[in-house]
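J.: pasting the sequence and the predicted model now:
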Amino acid sequence: MPKAMTRKQERERTVVVTFDCRHTRDFKFMYVPRTGEMIWCLKCQAMAFVTGWKDEYRVKCDKCRFSRRSGQAVLTAERMAGRHHRLNPQHEVTVWYGTNVHHTWTVLIEALMEKGEFTKALLGRSVETVDLPPF
């Protein structure tokens, strides 16, 4: 079952709005103008009609401040999420498309410890600080 956005995540969500002059602008979700409304285009320095808005892909980590936007590039979002999760395996990284979860990277450390593939002693330590027997 996909998880829902929290109220804080909903407030921080941004939407890309397209104008009839073909320029775009980011708006907070709470302040998105309606289609057909006239808004000042910052690039043209003139009034322009809103033609629509698109959701975008965002990467958000639940354990730290990592958050990135990738527009419509789903491969870029997945690559950023995969890299962050690879560097921080205990973090849960989610790729959002609008308010929907596209993909979640999560590792159940306890399950890996039972299999013997992951030891808690090495979590967060570098190899130099761990005493290993010489082979």
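T.: Received it, and whenever you're ready, just let me know what you need.

J.: quick one: contacts for Tyr97?
T.: Contacts for Tyr97 (CB atoms under 8 Å, 6 or more residues apart in numbering) come out as 55-58, 74. All C-beta spots, glycine's among them, are computed from the backbone N, C-alpha and C.

J.: what about those, which are in helices?
T.: Of the contacts of Tyr97, the ones assigned to helices by DSSP state H are Val74.

J.: where do the strands sit along the protein?
T.: Along the chain, the segments classed as strands by DSSP state E run 14-19, 24-28, 38-41, 46-54, 57-61, 67-71, 93-97, 100-105.

J.: can you put these in a markdown table and add mean pLDDT and distance to Arg79?
T.: Formatted as a markdown table, those follow (pLDDT from 0 to 100; distance: least, CB to CB, whole Å):
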| stretch | mean pLDDT | distance to Arg79 |
| --- | --- | --- |
| strand 14-19 | 84 | 20 |
| strand 24-28 | 84 | 22 |
| strand 38-41 | 92 | 32 |
| strand 46-54 | 91 | 20 |
| strand 57-61 | 89 | 9 |
| strand 67-71 | 87 | 9 |
| strand 93-97 | 89 | 10 |
| strand 100-105 | 83 | 11 |
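
J.: nearest to Arg86, of those strands?
T.: Arg86 lies closest to strand 100-105 among the strands of the chain, at 8.7 Å (CB to CB).

J.: in the closest one, what's buried?
T.: 102-103, 105 (16 or more other CB atoms under 10 Å).

J.: again with stretch 19-28
T.: 19, 25, 27.

J.: cool, stretch 49-56 as well?
T.: By neighbour count with 16+ other CB under 10 Å, stretch 49-56 contains the buried residues 50, 53, 55-56.

J.: again, but for stretch 91-98
T.: Buried-residue list, stretch 91-98, by 16+ other CB under 10 Å: 91, 93-96.

J.: pretty sure Ser85 sits against Val95.
T.: Check again: residue 85 is His, not Ser. No: with contact defined as CB atoms under 8 Å, His85 does not count as touching Val95 (10.5 Å).

J.: fine by me, thanks again.
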